[in-house]
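Colleague: Coordinates for the following, if possible.
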Amino acid sequence: MKQTQGVFFTGYVTIKVTGHHPELFFDLCARNGITVWNIRKVDNATCTGNVKLAHIRNIRALRRKTIYKLSFVNKKGLPFLTKMVMFRRPLVIGLILSMLFVFFLSNVVWDVKIKGVPLDIEKKITTQLQSYGIKPGAFKFNIGSPGDIQQKLLDDIPELLWVGVSEKGTTYHLEGVEKTTVEEKEKKGPRNLVATKEGEIVKMFVSKGQPIVKVHDVVHKGDLLVSGELGKSKEEEEDESKEQTAKELVAAEGEIIAKTWYETEVIIPLEANYEVLTGENKKKYYLGFGDFLLPVWGFFDHEFDQVYKESSQKNFHFLKWELPISFVKHNIQEKEFVNVERTNDEAKAEAIKQSTKDLQEKLGHEAEITFEKVLHETIDNGKVKLTLYFTVLEDIAKPQPLSQGD
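Modeller: A predicted model of the protein is given here:
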């Protein structure tokens, strides 16, 4: 059986032997080293069998020494198939070109459908998709994954609350949900304004309610700033035993700007290592067959010592089927490690900058940092440790419900 393995690639022929006891001819072939298989006796004077294409010349020479008649019944294998294809070259070329054309069309974006959003948002989505290269006629293997597209759209279009992206054949389907800003018509009940933290009152803007404090007063967390009880004076607030006058309960509103104080600690190393990209890169493209990658562009190796590699893979399609062939792109970027050595003054400046930024983010953009001071500074184990003092102007008022039964 091993002698007949792979005969499709080398080719084989079915021969018919006619004569007295034709099986003896096949026996003669075997004794002369010619492989014969699938021998069948048609009648007493006829036998058929398969022989390798390479042995035909030997069989003809052997037949001349006998009285048997030899004829060829069938020809099979790759050599004969190739010959037939070459004979019908125009038909085969047309078939191959048709398949390549269908393959090409199967990997091109034909349509982008968007639903679930108003027309103005749809136009914005279309514009963004075109900037990403997603439009009719674009090759699909140059487009990112649906998850990447979804994240980009959410980042670039603030009006979108959610968007779903799916790829179906040659069409991209997008379904979005617009953000809706609902103006809460809250029915505010009677309330006071109290202090959220300790501070010195600098400015007061009271639109409703009875102010209890005044500018330059120092208040503590929880102190009453603006009362929702109209007609109640500060003296009445302090004298609980005094008979209360008729009063109206309102929802106190306003801003109480106070000077507040913060103390923070920050540590900055005098020496630090950073990993940065130099901007030099090299791109390589492959055809992927499972785990095997066949280079198609970018054959030469990079000369970078340290690299950061990004890879993307996109499978090819034929009609609605996903093929086990993919287009793989490797973006190899050079990176380097930068060693930064700071002086004491540079480390101190960096610490103040970082602390100021962190405090501003914590308090919000409406707060104003008006003063900063270094209270304590130490250098230990190559690190600068600072204790910083900040003065801030911010609104310290917060509402506190006022019980109408009080």
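Colleague: So which residues of the stretch 151-300 of the chain form helices?
Modeller: Applying DSSP state H, counting those that start in this stretch to the stretch 151-300 of the chain gives helices spanning 234-238.
Colleague: what's near enough to touch the closest residue to E394 other than its chain neighbours?
Modeller: The shortest distance from E394 to any non-neighbouring residue, by Cβ to Cβ, 6 or more residues apart in numbering, is to A367 (4.0 Å). Just so you know, the C-beta spots here come from the backbone N, C-alpha and C atoms, and that holds for glycine as well. The contact partners of A367, by Cβ atoms under 8 Å, 6 or more residues apart in numbering, come to 360, 392-394.
Colleague: Neighbouring strands of the longest strand seen in the chain in the sheet, and parallel or not?
Modeller: Ordering each strand of the chain by length in residues (DSSP state E) puts strand 321-341 first. Paired with strand 321-341 in the same sheet, following DSSP bridges, are strand 271-289 (antiparallel), strand 307-318 (antiparallel).
Colleague: List the buried residues for the very next helix or strand once past it?
Modeller: Using DSSP states H and E, the helix or strand that follows strand 321-341 in sequence is helix 344-363. By neighbour count with 16 or more other Cβ atoms under 10 Å, helix 344-363 contains the buried residues 347-348, 350-352, 355-356, 359, 363.
Colleague: now the angle from helix 344-363 to strand 271-289?
Modeller: Counting by axes from the mean of the first three to the mean of the last three Cα atoms, to 10 degrees, helix 344-363 lies at 60 degrees to strand 271-289.
Colleague: Helix 344-363 - contacts with which helices or strands?
Modeller: Counting contacts by 3 or more Cβ pairs under 8 Å, 6 or more residues apart in numbering; DSSP states H and E, helix 344-363 packs against strand 253-269, strand 368-380, strand 383-395.
Colleague: Take those and lay them out in TSV including mean neighbour count, distance to G6 and mean pLDDT.
Modeller: Converted to TSV, the helices and strands packed on helix 344-363 look like this (neighbours: other Cβ atoms under 10 Å; distance: least, Cβ to Cβ, whole Å; pLDDT from 0 to 100):
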stretch	mean neighbour count	distance to G6	mean pLDDT
strand 253-269	17	69	92
strand 368-380	12	77	90
strand 383-395	18	73	93
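Colleague: And those: which comes nearest P22?
Modeller: Nearest of the helices and strands packed on helix 344-363 to P22, taken as Cβ to Cβ: strand 253-269 at 96.0 Å.
Colleague: Within the sheet, what are the partner strands of the closest one, with directions?
Modeller: Those paired with strand 253-269 in the sheet (DSSP bridges) are strand 199-208 (antiparallel), strand 383-395 (antiparallel).
Colleague: what does the first one contact?
Modeller: Looking back up the chat, that one is strand 199-208. Residues lying outside strand 199-208 but in contact with it, judged by Cβ under 8 Å, 6+ apart, are 211, 213-219, 226, 228, 250-261, 393-394, 396.
Colleague: hang on, the earlier thing: now distance to V13 too, for the helices and strands packed on helix 344-363, in a markdown table please.
Modeller: Formatted as a markdown table, the helices and strands packed on helix 344-363 follow (distance: least, Cβ to Cβ, whole Å):
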| stretch | distance to V13 |
| --- | --- |
| strand 253-269 | 83 |
| strand 368-380 | 92 |
| strand 383-395 | 87 |
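Colleague: before we move on, back to that, closest to G94 among the buried residues of helix 344-363?
Modeller: For these, the nearest to G94 is E350 (70.7 Å; Cβ to Cβ).
Colleague: what bridges to the residue nearest to the closest one when sequence neighbours are not counted?
Modeller: In this structure, E350 finds its nearest non-sequential neighbour in I268, 5.2 Å apart by Cβ to Cβ, 6+ apart. Beta-bridge partners recorded for I268 (DSSP bridges): V384.
Colleague: The one 4 residues further on now?
Modeller: Taking DSSP bridges, one obtains V340 as the residues bridged to A272.
Colleague: contacting residues for it?
Modeller: 339-340, 342.
Colleague: what's the most distant pair in the contacts of A367?
Modeller: It's Q360 and L393 that sit farthest apart of these, by Cβ to Cβ, at 12.3 Å.
Colleague: just the helices in the stretch 1-150 of the chain please.
Modeller: Under DSSP H, counting those that start in this stretch, the stretch 1-150 of the chain gives helices at 7-10, 23-31, 56-63, 78-87, 89-106, 119-131, 146-156.
Colleague: Reformat those as TSV; add mean pLDDT and distance to R40.
Modeller: Formatted as TSV, those follow (pLDDT from 0 to 100; distance: least, Cβ to Cβ, whole Å):
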stretch	mean pLDDT	distance to R40
helix 7-10	84	17
helix 23-31	88	10
helix 56-63	88	17
helix 78-87	82	21
helix 89-106	84	34
helix 119-131	89	67
helix 146-156	88	60
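Colleague: What count of nearby residues applies to V165?
Modeller: 21 (other Cβ atoms under 10 Å).
Colleague: my read: it touches P146, true?
Modeller: Yes. With contact defined as Cβ atoms under 8 Å, V165 and P146 form a contacting pair (4.0 Å).
Colleague: residue ranges with poor pLDDT in the stretch 301-406 of the chain?
Modeller: Counting by pLDDT under 70, the stretch 301-406 of the chain has low-confidence residues at 404-406.
Colleague: Distance of the closest residue in space to R191 that isn't next to it in sequence relative to K65?
Modeller: Excluding the flanking residues, the one nearest R191 by Cβ to Cβ, 6+ apart is P399, at 4.6 Å. Between P399 and K65 the distance is 117 Å, computed by Cβ to Cβ, to the nearest Å.
Colleague: between the two, which one's more packed in?
Modeller: P399 (16 against 8).
Colleague: re earlier: check contacts around the residue nearest to E350.
Modeller: I268 is in contact with 342, 347-348, 350-351, 354, 383-384, 386, counting by Cβ under 8 Å, 6+ apart.
Colleague: Could you rerun that using 7 Å?
Modeller: With Cβ atoms under 7 Å, 6 or more residues apart in numbering as the criterion, the residues that contact I268 are 347, 350-351, 383-384.
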